[in-house]
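J.: Sequence first, predicted model second:
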Amino acid sequence: MVQEFEEKNSEGLNLQQYWPLVRRRHWYFLIPLFLGWLTVWSVSWVLPSVYRSGTLILVAQPTMPKDYVVPNISDSLQQRLQSITQQILSRTRLLHIIDQLNLYAEPGRLLTPDEKVERMRKDIEIELVREREELTAFNIYYSSHDPHTAQKVTSELTNLFINENLEMRQRQSEDTTKFLESQLEGARSGLAEQEAKIREFKDQHPGELPSQLQSNLAILGGAQSQLQNEEDALNVAKHQNAYLQSLLNQYHSLQRSSKTGDGAPMGLSALDQELDKLKSQLADLSSHYTERHPDVRKLKEQIAQTEKMRNEIVAALKANASNTQADVGTSAVPRDDAEIQDTGPMLQMQGQLHANQVEITNREHAIAVLKAQVNLYQARLNQEPVREQQLTDLTRGYDQSKANYDELLKKKNGSEMATSMELRQQGEHFRILDPPSLPVKPSFPNRLKLCGIGLVVGVLLGAGVSTGAELMDDRVFSQKELQERISTSIIAEIPNLATAKEREKQLKSVILRWVAAGVAFAAILAGTALSYLRG
């Protein structure tokens with residue numbers, strides 16, 4: 001029989017050759033086919049149904065553009081999702097859900113809390129959805145024997161994921177803000193210390209700071225110019241003192257001297273020489289300066305005073321001479337030197353000399369003060385390079401502290417804005433795109449799929465049983481088999497001569513076979529339809 005099948009396979013598929021085999025072994029094929037399918041199909045209905053509820057959660061991006069508010073959370077979405085998953089799948093969280101919804105309460109079997117947690121972890125599935133290597137959404141699935149329980153647990157898990165993400169982002173954002181505030185406080189303290197050092201340095205070295213260099217130079221230049229003017233004024237005052245002293249001495253000598261041949265006093269020639277000298281100096285100064293120059297004006301005043309003094313002296317001498325002639329006949333006693341000194345010119349010269357001496361004293365005092373001021377500012381300028389280096393060292397630390405403080409202040413303000421955005425739930429958050437579904441058909445077992453598997457198993461089982469029965473049967477059913485067993489040729493063939501009873505029996509057998517085949521296939525179709533409709 002094996003050779004027969006091999007030859008049939010080598011010759012090609014011929015249904016006429018297999019049809020007698022099907023007619024002879026139809027019960028061997030039909031019964032195993034139906035029983036194999038029925039067994040698998042029955043098992044699919046015996047297995048407990050597992051319903052799978054799922055939800056799709058979208059990762060919504062921040063509503064505020066990053067150019068305006070920069071998030072202060074640096075971890076990636078996938079890392080944060082893994083952390084959230086670990087927290088939600090923790091023993092405490094799962095036991096709370098198990099106790100709340102009374103899960104895994106199987107009659108006749110008492111499960112420990114750890115066993116319940118382990119079973120629930122196996123029933124939960126997290127599926128990530130990526131687009132261009134970027135995580136954009138994720139699915140949450142939960143499997144249970146009750147579809148409503150599966151939906152409730154999925155809804156609870158969804159709320160946990162959304163709330164935990166919000167709490168985690170808010171907590172991380174607040175922690176970042178608090179950290180920046182602590183760093184800013186430290187930077188503020190350091191900046192205050194640097195400011196105190198600079199303030200103390202400036203208090204210890206007033207007038208020696210680099211910022212005061214120009215003012216010191218200006219003050220020093222002004223003091224030096226003022227000192228030069230005071231020295232010039234002192235020289236003029238000393239010269240005038242000598243001049244007034246000379247006039248006073250000449251006046252005393254004039255009071256005691258006799259007149260010249262032409263009647264002019266001997267001291268008047270000295271005054272005339274002095275006037276000529278002063279006028280010569282005035283002409284020289286006028287060629288270089290204007291009429292409003294202080295030296296020109298002062299020299300004019302001196303010339304005017306000298307001319308006035310000369311006129312007064314001449315008038316006094318004339319008056320004295322007339323009085324002397326009048327007193328000659330009366331033998332009056334001549335006046336002494338004290339009386340001569342009491343004349344108007346003498347008193348005026350003495351007053352001018354006293355004022356000149358006071359001016360000289362004041363000028364000398366002012367010069368001493370100015371020299372001390374010049375020495376002070378020169379000393380400050382000499383110390384300026386040293387103070388500049390010291391202040392540079394202090395300022396360098398201050399600038400670093402100020403830059404660090406400004407940077408931390410900027411980051412802290414940005415972090416506060418980001419924290420406010422997170423508290424208002426305007427940052428990156430999870431949003432339910434598809435709510436938890438209420439499963440209608442179980443996800444396991446897949447009865448339609450098992451129905452098909454049962455049909456394949458039945459076909460294979462029927463083919464195997466039919467082939468085995470055919471191989472174990474020693475009867476000859478065809479001319480070819482007979483020729484293979486005997487060496488003689490077949491001369492004639494006796495046809496099958498059946499009686500009416502045998503033909504009736506054969507007809508019933510055929511009808512029975514077709515009815516059985518129809519019933520079997522109708523049952524298979526009905527079972528397949530039931531599996532499709534009810535899952």
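T.: Perfect, thanks for sending it.

J.: did I read that right, Glu125 in a helix?
T.: No - the assignment for Glu125 by DSSP: H, G, I helix; E, B strand; the rest coil gives strand, which leaves it out of any helix.

J.: Leaving out chain neighbours, which residue sits closest to it?
T.: Ranked by CB to CB, 6 or more residues apart in numbering and with sequence neighbours excluded, the top spatial neighbour of Glu125 is Tyr141, at 4.2 Å. In short, each C-beta sits where N, CA and C put it, glycine included.

J.: next one: phi and psi at that neighbour?
T.: Tyr141 has phi and psi values of phi -120, psi 150 when expressed as degrees, to the nearest 10.

J.: next one: Ile88
T.: Listed backbone geometry of Ile88 is phi -70, psi -40, with angles given as degrees, to the nearest 10.

J.: Count the neighbours of the nearest residue to it once chain neighbours are set aside for me.
T.: Distances taken as CB to CB, 6+ apart place Leu160 nearest to Ile88, at 5.0 Å, with adjacent residues excluded. By the criterion of other CB atoms under 10 Å, Leu160 has 18 neighbours.

J.: in what helix or strand does Leu160 lie?
T.: Here Leu160 is covered by helix 147-204, with elements defined by DSSP states H and E.

J.: tell me, which helix in the protein spans the most residues?
T.: Across the chain, the longest stretch assigned as helix under DSSP state H is helix 344-423.

J.: For Leu391, grab the count of nearby residues.
T.: Other residues within reach of Leu391, judged by other CB under 10 Å, total 20.

J.: I figured it hits Gln204, correct?
T.: No - because the distance of 11.2 Å does not satisfy CB atoms under 8 Å, Leu391 is recorded as not touching Gln204.

J.: related to what we said a few turns ago, tell me the contacts of the residue nearest to Glu125?
T.: Residues touching Tyr141, when contacts are defined by CB atoms under 8 Å, 6 or more residues apart in numbering, comprise 52-54, 124-127, 154.

J.: Report the angle between the helix or strand where Tyr142 lies and helix 147-204.
T.: For Tyr142, the enclosing helix or strand under DSSP H and E is strand 134-144. Here strand 134-144 runs at 140 degrees with respect to helix 147-204, directions being taken by axes from the mean of the first three to the mean of the last three CA atoms, to 10 degrees.

J.: Averaged pLDDT, stretch 499-515. What do you get?
T.: Average pLDDT, stretch 499-515: 81.

J.: what about the nearest residue to Leu217 once chain neighbours are set aside, how many neighbours?
T.: Of all residues not flanking Leu217 in the chain, Leu381 sits nearest, at 7.2 Å (CB to CB, 6+ apart). A count of nearby residues for Leu381, using other CB under 10 Å, gives 16.

J.: I'd assumed Ser215 was in contact with Leu381.
T.: No - the pair formed by Leu381 and Ser215 falls short of the contact definition of CB under 8 Å, at 11.1 Å.

J.: follow-up on the earlier one: can you point out the buried residues in the helix or strand following the longest helix of the chain?
T.: From helix 344-423 onward toward the C-terminus, using DSSP H and E, the following helix or strand is strand 429-434. When neighbours are counted by 16 or more other CB atoms under 10 Å, the buried residues of strand 429-434 are found to be 429-430, 432.

J.: Give me the below-cutoff pLDDT ranges for the stretch 51-200 of the chain.
T.: Confidence mapping of the stretch 51-200 of the chain against pLDDT under 70 gives the ranges 64-68, 72, 74-75.

J.: Surely Arg37 touches Cys451?
T.: Heads up, residue 37 is Trp, not Arg. Yes - the pair formed by Trp37 and Cys451 meets the contact definition of CB under 8 Å, at 7.5 Å.

J.: what do those two both touch?
T.: When contacts are counted by CB under 8 Å, 6+ apart, Trp37 and Cys451 have 524, 527 as shared neighbours.
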